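# please work out how this folds:
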Amino acid sequence: MPIEVDVAVLGGGPGGYTAAVKAAQAGLSVVVIEKDKLGGTCLHRGCIPSKALLRSAEVYATIGDSASYGIRLPEGAASVDWGAVLKRKDSIVEQLYKGLQALMKQHKIEVIQGGGRIIGPSIFSPRSGAIAVELADGEAETIVPKNVVIATGSRPRKLEGLSYDGEHIATSDEALGWTSRPSSVLIVGGGVIGVEWASMLSDFGTQVTIVEAAERILPSEDKDIGAEIAKALRKRGVVIHTGASLQTDSCITSDKGVEIRAMTGGGDTLTLSADRMLVSVGRIGNVEALGLENTDVKTEKGFVKVNPATLQTGESHIYAIGDCIGGVQLAHAAMHEATTAIEHLTGSKPSRAADRDIPRCVYSRPEAAAIGWTEENAKAEGYQVRTAKLPLRILGKALVHGESDGFAKVVADAATGDLLGVHLVGVHATELIAEASLAKLVDAIPWEIGRTIHPHPTLSEVMQETMLALEGAAGHA
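Numbers count the residues shown, from 1 in each chain. You can find the predicted model right below:
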């Protein structure tokens, strides 16, 4: 017999499991259909494992700089036990995975492991939306929900012309399982993923080269962020080629590694070689084999098309959230969208944040974080802007911490005083951006944030000081 539920969620990543919990909390019966493992890309191939590696790299870099803190180590340099690094990463993932499984049981959410495909009107339902599930053991199950939430996530985009083997040429998915650390790596793509891997591997001692087609790394962020992160990476020996396009047909792999050519904007040809190549050129939605052709759900440029306010698709009872709809492909964006979808589904009035008002984080060393408009985009939108920018080194806590590189930058509307954007580079920037996110939610203006009492000495003071600097009232600048 088919399983009848109020909500069926296709995909058990951050968006999917959040939607399931929110629906269950609203008193609805819920089934989650996940073909791999609960937690999705974020837990198993993205956010969590990569940040675990970054933390190990940060600790190793700090140990290497211990003399500057007055700490003398025994004779001999510290070394990296790569197997232990991977074991720590895996144990963190496993702990969180068990926690998610317990969360599903706590809310009486049934999790079915298998691939789900939406079917059209049938004997099970007069409208499309029933889901045929192929179970892991080869058996089949049919789910008949009143509502469907598509949360199938994304996967790394691959460049045509390259022979991916997961070892010589890999995406971030495969690189997380590398059983040895390369002595050199060529990273194709200077976006968030490429920069994080460059930071992590360079801290471990790998010689890193980045090739980015745009004129700067982190091209979607404020130009000051890209410049500051590039400076920090180059200081650690990372070679960065921007405005360079890869000639994939020139790629050669051998026992010695990978060799490939790239063309610069000036017409010069670069010959690049490394032990391994990591390709990080964006992500594409997992929208194939979902049975969307059996419905009025439409796709656009490889992503599910939705009503941006309600997240409904072309069928009012079918919603889509997270990476599979494009936009800001971040776990916390998917969680926010999950809440929005379930609020609408249950009759509440949802309030979905604009993409630009979702915090964006880069977990490199130093970290970077931002929310709202960049200075360039704000001007392009017609705003007359005022900006203030202060270096992190004015803070006592930054000097005490031993990581004083970076800055805080605020972009405001000169006409109204409204906060348009906040851009941070520095230690714990990904934590500090939450204050700016709250400010955007409650529509606080810079003056209000500047008058908020921040404890001293803390890194959070950079927010206060930069907001006050807009009015020429900073206490340390």
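# what residues does stretch 161-176 touch?
Applying C-beta atoms under 8 Å, 6 or more residues apart in numbering, the contact partners of stretch 161-176 are 45-46, 49-50, 53, 89, 155-156, 158, 177-178, 193, 197, 248-249, 251, 253, 257-258, 276-280. Where you see a C-beta, it was placed from the backbone N, CA and C, and this is true even at glycine.
# what subset of those is buried?
Buried members of the contacts of stretch 161-176, counted by 16 or more other C-beta atoms under 10 Å: 45-46, 49-50, 53, 89, 156, 178, 193, 197, 248, 251, 253, 257-258, 276-280.
# measure Ser180 to Thr269 for me?
When distance is defined by C-beta to C-beta, to the nearest Å, Ser180 is 31 Å away from Thr269.
# hmm, I was thinking of Asn307
Between Asn307 and Thr269 the distance is 47 Å, computed by C-beta to C-beta.
# which of these two has more residues huddled nearby?
Residue environment comparison for Asn307 versus Thr269 gives the larger neighbour count to Asn307, 14 against 11, counting by other C-beta atoms under 10 Å.
# leaving out chain neighbours, which residue sits closest to that one?
Once its chain neighbours are removed from consideration, Asn307 has its nearest residue in Thr313; the separation is 7.8 Å (C-beta to C-beta, 6 or more residues apart in numbering).
# okay but the one you found is in contact with Lys305, surely?
Yes - taking C-beta atoms under 8 Å as the contact criterion, Thr313 and Lys305 are neighbours in contact, 6.8 Å apart.
# which one's more surrounded, these two?
Regarding Thr313 and Lys305, a neighbour count based on other C-beta under 10 Å identifies Thr313 as having more, with 23 against 15.
# can you tell me the helix or strand for Arg117?
With elements taken from DSSP states H and E, the one containing Arg117 is strand 110-119.
# can you pull out the helices in the stretch 151-300 of the chain?
Listed in chain order, the helices of the stretch 151-300 of the chain (DSSP state H, counting those that start in this stretch) span 172-175, 192-204, 223-235.
# now those helices in JSON lines, with mean pLDDT and distance to Pro145?
Supplementary listing: those in JSON lines, determined by pLDDT from 0 to 100; distance: least, C-beta to C-beta, whole Å:
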{"stretch": "helix 172-175", "mean pLDDT": "96", "distance to Pro145": "30"}
{"stretch": "helix 192-204", "mean pLDDT": "98", "distance to Pro145": "34"}
{"stretch": "helix 223-235", "mean pLDDT": "98", "distance to Pro145": "43"}
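# pick the most buried one from these.
Each of the helices of the stretch 151-300 of the chain was scored by mean neighbour count; the highest is helix 192-204, a mean of 24, by mean count of other C-beta atoms under 10 Å.
# common neighbours of Thr313 and Lys305, please.
Taking C-beta under 8 Å, 6+ apart as the contact rule, the neighbours common to Thr313 and Lys305 are Val297, Lys298.
# against Leu176, how distant is the residue nearest to Asn307?
When distances are taken as C-beta to C-beta, Thr313 and Leu176 turn out to be 32 Å apart.
# about what we covered before: quick one, what contacts the residue nearest to Asn307?
Each residue near Thr313 by C-beta under 8 Å, 6+ apart is listed here: Ile150, Thr295, Asp296, Val297, Lys298, Val304, Lys305, Val306, Asn307, Tyr319, Ala320.
# look up phi and psi at it.
Note on Thr313: its backbone torsions stand at phi -90, psi -160 [degrees, to the nearest 10].
# the residue lying closest to Val400 once chain neighbours are set aside: what's it in contact with?
Closest residue to Val400 in three dimensions, ignoring its sequence neighbours and counting by C-beta to C-beta, 6+ apart: Pro457, at 6.8 Å. Listed by C-beta under 8 Å, 6+ apart, the contact set of Pro457 reads Leu395, Gly396, Lys397, Val400.
# wasn't Pro457 part of a helix?
No - looking at Pro457 with DSSP: H, G, I helix; E, B strand; the rest coil, it is coil, so not inside a helix.
# so where's this protein uncertain?
Counting by pLDDT under 70, the chain has low-confidence residues at 474-477.
# show me the contact partners of the top helix by length along it.
Among the segments of the chain that qualify as a helix by DSSP state H, the longest is helix 82-106. Helix 82-106 is touched from outside by 12, 17, 20-21, 32, 37-39, 43-44, 48-49, 52-53, 56, 110-111, 176, 179-181, with contacts defined as C-beta under 8 Å, 6+ apart.
# so how far is that helix off the chain centroid?
The gap between where helix 82-106 is centred and where its chain is centred comes out at 19 Å by C-alpha atoms, centre = their mean, to the nearest Å.
# got the buried residues for it?
When neighbours are counted by 16+ other C-beta under 10 Å, the buried residues of helix 82-106 are found to be Val85, Leu86, Lys89, Ile92, Val93, Leu96, Tyr97, Leu100, Met104.
# quick one: Arg181 and Gly205, what's the gap?
8 Å.
# same deal with Tyr17?
Counting by C-beta to C-beta, the gap between Tyr17 and Gly205 amounts to 37 Å.
# neighbour count winner among those two?
Legend: neighbour count by other C-beta under 10 Å for Tyr17 and Gly205, higher for Tyr17 (29 against 16).
# surely the more buried one and Gly39 touch.
Yes - when contacts are counted by C-beta under 8 Å, Tyr17 is listed as touching Gly39 (7.4 Å).
# give me the most central residue, the chain.
Among the residues of the chain, the one closest to the centroid is Leu330, at 4.3 Å (C-alpha atoms, centre = their mean).
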